[in-house]
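Q: Turn this into a model:
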Amino acid sequence: MARVQFTVTRTLDLPADVVFAELIDWKAHEDWVPLTKVVIHSGNGGAGTEFTATSGIKPLALPDRMRIDSLDAEAMTVHVTKLGPVLTGTVELSVRSTGPRSCTLNWFEDVHVPVLPQFLATPVGAAARQGFTTSIKKMAKKLAKA
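A: Next up is the predicted model:
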């Protein structure tokens, strides 16, 4: 089992509250994470919400079941647990205002992948970091047009 960790930190020319609202709209991730469909199983988007984000093209699509453990709208932080069966681990998301129309988004994942040998953890983490960097750019473009 490999432990894959990565962090994406992006400064965005958007208000922090707008970015955070988009980030915690779990269904909206479909708009900016390529080849991803989100199904909400329970909850209203806050703590206790469970959902599955399935990424890829069948039969190679990867279901990623998650639960929101905590969501602090004032601090603009979210802690998520990945529930398996393939990916387990945690995700920490935070948005920090750096001005009236700017913020920093931090996306950290610490994921265990049972079928991946540990020697591949670093390149898989680098690929995941690049994928999420691209997704965040796409999210920022969506929000800039709104």
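Q: which residue ranges form the strands in the chain?
A: Taking DSSP state E, the strands of the chain run over residues 2-12, 36-42, 50-55, 62-72, 77-84, 88-99, 102-113.
Q: Would you mind telling me which of the ones you listed is nearest residue 124?
A: For the strands of the chain, the distance to residue 124 is smallest for strand 2-12, at 5.2 Å, taking CB to CB. Bear in mind the C-beta positions are built from the backbone N, C-alpha and C, glycine included.
Q: Can you tell me the strand partners of the closest one and which way each runs?
A: strand 102-113 (antiparallel) (DSSP bridges).
Q: Next, the angle from the strand it pairs with to strand 62-72.
A: 130 degrees (axes from the mean of the first three to the mean of the last three CA atoms, to 10 degrees).
Q: between strand 102-113 and strand 77-84, how many degrees?
A: 20 degrees.
Q: circling back to that earlier point, save the strands of the chain as TSV, and put in mean pLDDT and mean neighbour count too.
A: Putting the strands of the chain into TSV (pLDDT from 0 to 100; neighbours: other CB atoms under 10 Å) gives the following:
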stretch	mean pLDDT	mean neighbour count
strand 2-12	97	16
strand 36-42	97	14
strand 50-55	97	17
strand 62-72	97	17
strand 77-84	97	17
strand 88-99	98	17
strand 102-113	97	18
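Q: want to throw those into CSV with distance to residue 30?
A: As requested, those are exported to CSV (distance: least, CB to CB, whole Å):
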stretch, distance to residue 30
strand 2-12, 19
strand 36-42, 5
strand 50-55, 8
strand 62-72, 13
strand 77-84, 17
strand 88-99, 17
strand 102-113, 17
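Q: Residue 144 is nearest to which of those strands?
A: Using CB to CB, the strands of the chain put strand 2-12 closest to residue 144, at 9.0 Å.
Q: who touches the closest one?
A: 19, 89, 98, 102-113, 116-118, 120-121, 124-126, 128-129, 132-133, 136-137, 140 (CB atoms under 8 Å, 6 or more residues apart in numbering).
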